[in-house]
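> could you look at this predicted model? Sequence included:
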Amino acid sequence: MTTARHRIAAGTPAGHFHRALGLLDATALVAGSMIGSGIFIVSAQMTRELGSAGWLLAVWALAGTMTVVAAALYGNLVARFPRAGGQYVYLREAFGPFVGFLYGWTLFLVIQTGTIAAVAVAFARFTAVLIPGMDGTDLVPGLSLERALAIALIAVLTAANCRGVEVGKTIQNVFTIAKIAALVAVIALCAVAGSGGMLARNLGAPFARAPLAELSLAGAIGSAMVGALFSADAWNNVTFAAEEVRDPERTIPRALVAGTALVILIYLAANVAYLLVLPALGSADAADPLARGIAYAARDRVATAVMQTLFGPVGVVAMAVAIMISTFGCVNGLILSGARVSYAMARDDLFFAAAGRLSRAGAPAFALVVQGLWAAVLALSGTYGDLLDYVIFAALLFYALTVAATLRYGDRDRVLPRVLAVGYVIAAAAVMLDLLVVKPRFTWPGLLIVLSGAPVYAWWTRTRDARRAGR
């Protein structure tokens, strides 16, 4: 007998997924979805909150460890459920369709679309470095030129991915290689042109917090984790496209570990590189980037401040181009993978039926378009930081639940994975509790967004059951 979770949505045509992603492609999707704009920006706010270079590196290392541990643990779930929808499927199987729906609902409303919007806005922000006239210019009241460019980027990449996974894969591979090369180049330039004396100055008393730090240490760590975790987020996106990966049971677990480990090492090296060039703490009133330091980099553009210090205006332009490449590739990866969750939900009759249909190119075109439209709305709704805070709390909640699911499906005779899973859940819970206290303006609404899925689920399932009964 065919159950609801395996039945194809009514009216699904003969389109089918193409298994076009190999290990390199899957790894590029992991790394490319992770590396967006965060690594170039968030260290400024993190330093203001933490008040020292040592704690800055420590929080990056903690967030990186959590990310790699979770990615490794997901391998058990991928091997057991190698289906389109990835994390949605894992939560549905472990905790039932209600929890699965809450994840899919939150992913669509906040996590995936919010990240797409935030990174697209960052792309436009750095485009304004090349075209200064964009900064602060409104096309019409309420619509800045930067926001319009962000929406145009979302539209272009949504259209490209509607042409099939092969097109999305090609874009992803090219831009992932380009962005990694750019980051490695920045790190190498800082290592050659930076100063060991500056690094020694920054790490002379690595954990002595400056007076500018307003939060307690525990509160500051939790708050700063938002930036680090956001920069390392979206590594799970490759699981959404499991039915388009060749030999997914083996390929995806390898890609998850390889991709996350590579990105975290690059992130740590990038922050050390920043500390070779700029002081961690500077003056908000200073005119030049060296005196402003990492904490007060203009508009939080830390990487741009580094390159400006080393190479002047040419460095600013080069960094802006590098970040545009990085954010372009990140938005593509997020768009490619996110629509696969809506597709999986539609196959379970928990989303619009049209989202469960594949085009002749094997793409969930309707799901891609709806995702793009909502991401465009979010791009108009708030600042980069606002979207970041909404995204990371909801994402952490479901990461913790999914890691908890590995306790049910993992090998009970292997102690280390179970210890790591429990440790991750405890760490994630501590960060979420901290955020509810120190950033209530955004985290409580984020929690309410998750809970708002409950009445929607009740209404949807009641309507669905009534429709079936009337057939």
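Thanks, I have the structure now.
> next, the buried residues of the longest helix belonging to the chain.
Of all the segments assigned as helix in the chain under DSSP state H, the longest by residue count is helix 313-347. Of the residues in helix 313-347, those buried under the neighbour-count criterion (16 or more other CB atoms under 10 Å) are 315-320, 322-347. Placement of C-beta: from N, CA and C, glycine included.
> isn't residue 329 up against residue 177?
No - counting by CB atoms under 8 Å, residue 329 stays clear of residue 177, with 9.0 Å between them.
> contacting residues around the closest residue to residue 137 other than its chain neighbours?
Leaving aside its sequence neighbours, residue 137 sits nearest to residue 145 (CB to CB, 6 or more residues apart in numbering; 4.5 Å). Contact partners of residue 145, counting by CB atoms under 8 Å, 6 or more residues apart in numbering, are 124, 134, 137-139.
> same list, those residues, but as a markdown table with neighbour count, secondary structure and distance to residue 293 please.
As requested, the contacts of residue 145 are exported to a markdown table (neighbours: other CB atoms under 10 Å; DSSP: H, G, I helix; E, B strand; the rest coil; distance: CB to CB, whole Å):
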| residue | neighbour count | secondary structure | distance to residue 293 |
| --- | --- | --- | --- |
| 124 | 22 | helix | 26 |
| 134 | 17 | helix | 27 |
| 137 | 13 | coil | 29 |
| 138 | 12 | strand | 32 |
| 139 | 11 | strand | 35 |
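> contacts only, for residue 229.
With contacts defined as CB under 8 Å, 6+ apart, the neighbours of residue 229 are 63, 66-67, 392, 395-396, 431.
> compare these and tell me which is most surrounded.
Neighbour counts for these, by other CB atoms under 10 Å, peak at residue 392, which reaches 30 neighbours.
> now that one: how far from residue 234?
With distances taken as CB to CB, to the nearest Å, residue 392 is found 11 Å from residue 234.
> equivalent analysis for residue 297, please.
24 Å.
> residue 78 now?
Using CB to CB, we find residue 78 at a distance of 16 Å from residue 234.
> got it, and residue 171?
Taken as CB to CB, the span from residue 171 to residue 234 is 16 Å.
> between these two, which has more neighbouring residues?
Neighbours were counted for residue 171 and for residue 234 using other CB under 10 Å; residue 234 has more, 27 against 21.
> could you say which helix or strand holds that one?
Using DSSP states H and E, no element contains residue 234; it sits outside every helix and strand.
> and if you look at residue 147?
With the criterion set as DSSP H and E, the secondary-structure element containing residue 147 is helix 145-161.
> quick one, that helix and helix 313-347 angle?
50 degrees (axes from the mean of the first three to the mean of the last three CA atoms, to 10 degrees).
> avg pLDDT for helix 145-161?
Predicted confidence along helix 145-161 averages 95 (mean pLDDT).
> quick one: pLDDT of the nearest residue to residue 418 once chain neighbours are set aside?
Beyond its immediate neighbours in the sequence, the residue positioned closest to residue 418 (CB to CB, 6+ apart) is residue 407, lying 6.1 Å away. We note a pLDDT of 89 for residue 407 in this prediction.
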